[in-house]
Every structure is written in structure tokens, then in C-alpha cells.
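Chemist: Following is a predicted model, sequence given first.
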Amino acid sequence: MSPREQRDVRSVGRYPTTLPDHQSERDVAYGEGLGAYFDNSIGDTIDKLQNFAKYVPQPALNRFLCRHLLFQKILKVHGSILECGVHLGGGVMSWAQLSAIYEPLNHGRKIVGFDTFQGFANVHAKDRAGNSPRRIDKGSLSAPALDDLREAVRLYDLGRTLAHIPKIELVAGDACETIPKYLADNPHLVIALLYLDFDVYEPTKIALQHLLPRMPRGALLAFDELGVRQWPGETLAAHEVVGLQNLKLRRLPHHPQISYAVLE
């Protein structure tokens, strides 16, 4: 299952207790089968990690390829990568690994992830606009992954160049409060890639209002749910702050809903 599908269940465990949107019983069987195969396959954990393509669901590989393509587009753009909506951390760690591979000496490129790590801080009426079939509430999609991710960052630092200079920052809390504070504490911030994956209206709007002015020409503004019926809040926030008519939106070949615009 993709990261999006994995978080559309009642827990962060492997097997869903409800069938996510756009998933068939066959998709669920595929995810469960891969999980059982990983547990019972030959080799120890390191063997399995080194042969990850045997076990990773194709939708997850698709998402990683999308991140890779986006990263390639900002290699020559100065600034940090900000991910708004971290959940279990696959996105943040992907950006970090790509930076370590392609630009190991670029210690100025920070990877900053914003999340409550406790689910949605609030749900606006605009998140239920139209005929959205999804029922979401305060605290939905909670993933208490902060300590887990801190350990992932510690291990990541053991294997990279210039490890004494911090690369990844995890900012926990309601983004409507933490984003303005982060800017106040980091007046030098320049953003090369802003990846919006908050899902809902209010934090997405705050992110656009406060972070867009820190993005130079050539920077990338990426969306995870733009134009997705189940998550109308992201589209409404982008329309109100930026104006969709002002964005030259592009899509990626590996995923149906990830989109981006190069700021001009």
C-alpha cells in the first residue's frame, strides 16, 4: 500500500481495519501478502533492506520516484526542503537520503518537517466542502512517530558526510502556530522545495501565506492532494492564497495526484 493508503486506516499498523478509498480487496490482499512475505522471507533484516525491491509495494516505489524527480529539479536551486505533513516520515527521510546521495557537501540544505504527530489539530468546514466522501475529525490520521523518527535521524547521521552539522529538523505541533514561530526563529530561511501534504485547509493556508515569500524563482511548490475530491481543503487553500490560474501546474508520470509548479 502507498503511504497515503497506509495512513487512511484507523491505526499505523500494517493491516487496515477499514478499506481505504480507491482500494480493492485485491489491493489489501497485496499489502497483506507483502507483509507476510517480508516476515517469512529468507535472510535477516539487513539482507531484506539491501534487497528492498523484493518487498516494497509498487505504489511506494512510485512515490519515491516522484520525490526523486522533484529533487532533481531543485539540485541547482538554493534553499531548504520543507515538508508540511510528515506522518511516519517516509517523505522526510527520502529527501534526506537524496540530499546525501546527490549533494553530500551541501550542508546549507536543511530538510524540515512539520507535523502535529497527533493527527489533525483542527478540521475546518472547508475540509468537508462539496460532496467529499471522507469523514475527518480533529485527531484523525494520528501517527505518534516523533521519537521513532528521531532515532531514524540519529542512524541517518551515522552514515553521512558532514554528520556533525544537523541536516533534518522535525517541528512538532500545530503548524498554524509552529510555522510563524519557525520563521521568526530562522529569519535566514530560503526554500527550494515546499511539499504540501497537510491534507486539510487551515495549516495549508498558513503554510502558503508564510512560506511562499521565502521561495525564489525556480523553486518548486508541490502538492500531494491538489484536485483530490476527498481532500478539498488543500485545493481551496491554494486557490485562495495563490490562485490556481497563477500556477503552471505539472504532474509526474508515476503518480496520479502529486503535482507541482515551478515558481517563475
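Modeler: Received, thanks.

Chemist: what bits of this structure have low per-residue confidence?
Modeler: The model of the chain has pLDDT under 70 over residues 1-22, 131-134.

Chemist: just the strands in it please.
Modeler: Under the criterion DSSP state E, the chain carries strands at the ranges 80-84, 111-115, 168-172, 191-196, 220-223, 250-251, 259-262.

Chemist: check contacts around the most centrally placed residue in the chain.
Modeler: Central residue of the chain (Cα atoms, centre = their mean): Gly91, 4.5 Å from the mean position. Shown in contact with Gly91 (Cβ atoms under 8 Å, 6 or more residues apart in numbering): 3, 67, 83, 85, 113, 195, 197. The C-beta positions use only the backbone N, C-alpha and C, and glycine is treated the same way.

Chemist: Top of those by number of neighbours, please.
Modeler: The residue in the contacts of Gly91 with the most neighbours, by other Cβ atoms under 10 Å, is Gly113 (28 neighbours).

Chemist: how close does that residue sit to His239?
Modeler: Noted for Gly113: a distance of 25 Å to His239, by Cβ to Cβ, to the nearest Å.

Chemist: Same check on Val28?
Modeler: Applying Cβ to Cβ, the value for Val28 to His239 is 34 Å.

Chemist: Give me the more crowded residue out of these two.
Modeler: The neighbour comparison of Val28 against His239 (other Cβ under 10 Å) goes to Val28, with 17 against 14.

Chemist: Could you report the distance from that one to Ala163?
Modeler: On the measure of Cβ to Cβ, Val28 and Ala163 end up 40 Å apart.

Chemist: Now do the helices for the chain: every range, in order, please.
Modeler: With DSSP state H, the ranges of helices along the chain come out as 3-6, 25-40, 45-50, 58-73, 90-102, 146-158, 175-185, 201-211, 232-241.

Chemist: List the residues that contact Phe71.
Modeler: Going by Cβ under 8 Å, 6+ apart, Phe71 touches 81, 95, 98-99, 102, 193.

Chemist: ok, those vs Asn51, which is closest?
Modeler: Leu98 (20.4 Å; Cβ to Cβ).

Chemist: For the closest one, which non-adjacent residue is spatially closest?
Modeler: Phe71 (4.5 Å; Cβ to Cβ, 6 or more residues apart in numbering).

Chemist: Surely Ile74 and Ala219 touch.
Modeler: Yes - Ile74 is within contact range of Ala219, at 7.0 Å (criterion: Cβ atoms under 8 Å).
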